[in-house]
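K.L.:
Have a look at this prediction, sequence included:
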Amino acid sequence: MPKTMINIDANNQSPKYSGWRVARWFIAFFGVMMVANVIFLLQALNSWPGVETKAAYDKGLQYNELIEKGAAAKALNWDMTSNVYDLPGANGTAIEFVVADANSLAVEGLTVVGKLERPASRSFDISITFKETRPGFYYAQVNLLDVGQWDLRVLMIKEDIENRYSERLMVTRD
């Protein structure tokens, strides 16, 4: 059988890939991948503040003591309520905290401290110190809260008694 010669026109030739051309494409592809990974890595590191609980091991060791204090506080049967509202003129947010005993009598003389926490990130936490304005009524004022969910955590101390209160708040504005 005779050999057939195919004459390929210069305009119809497929491109030749030399070793250097393939190497450049290979390096460019993985270079783009590395740049994208570095960008994602930097975004991740800058958007997460890091450790959420400082001294987690020590807090874990004190957990049984906290459970015992909680049981003693629950036996007191205190009624605790909170009221959170914006002050007029966007001058801040007020937090009122009311504490009554099992007989609906005001619980006076408490040292009341608290914290407002964002559920998603601890970097926005706000520490609060309440002042007793009248028997059983405790008041604090903070900067205007951002819209969204907040956790209110309150610690009440009177002599050797500790009681805790927590509530999920939803801050909205019209």
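P.N.:
Looks like it came in fine.
K.L.:
okay, CA-based contacts and neighbour counts for the rest of this
P.N.:
Fine.
K.L.:
What is the neighbour count of Ile128?
P.N.:
19 (other C-alpha atoms under 10 Å).
K.L.:
oh, I was asking about Ser127
P.N.:
Each residue near Ser127 was counted by other C-alpha under 10 Å, and the total is 13.
K.L.:
just Tyr85 next, same as before
P.N.:
There are 14 residues near Tyr85, going by other C-alpha under 10 Å.
K.L.:
What about it? Give its phi and psi, please.
P.N.:
Main-chain torsions, Tyr85, degrees, to the nearest 10: phi -150, psi 150.
K.L.:
Surely Phe130 touches Tyr139?
P.N.:
Yes. Phe130 lies in contact with Tyr139 (C-alpha atoms under 8 Å); the separation is 5.1 Å.
K.L.:
Excluding residues flanking it in the chain, which one is nearest Asp86?
P.N.:
Distances taken as C-alpha to C-alpha, 6 or more residues apart in numbering put Thr93 closest to Asp86, at 4.3 Å, once the chain neighbours are dropped.
K.L.:
Equivalent analysis for Gly136, please.
P.N.:
Counting by C-alpha to C-alpha, 6+ apart, the residue nearest Gly136 is Ala106, at 4.4 Å.
K.L.:
Name whatever forms a beta bridge with that neighbour.
P.N.:
Ala100 (DSSP bridges).
K.L.:
Can you name the next helix or strand after the longest helix seen in the chain?
P.N.:
Looking across the chain with DSSP state H, the single longest helix is helix 19-47. On the C-terminal side of helix 19-47, the closest following helix or strand by DSSP states H and E is helix 56-61.
K.L.:
how about the CA coordinates for that next one, as CSV?
P.N.:
This file holds the C-alpha atoms of helix 56-61, laid out as CSV (Å, rounded to 0.1, in the frame of the first residue of the first chain):
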residue,chain,number,x,y,z
ALA,A,56,-10.3,27.3,79.8
TYR,A,57,-8.6,24.6,81.8
ASP,A,58,-8.8,26.5,85.0
LYS,A,59,-12.5,27.4,84.4
GLY,A,60,-13.1,23.7,83.8
LEU,A,61,-11.6,22.8,87.2
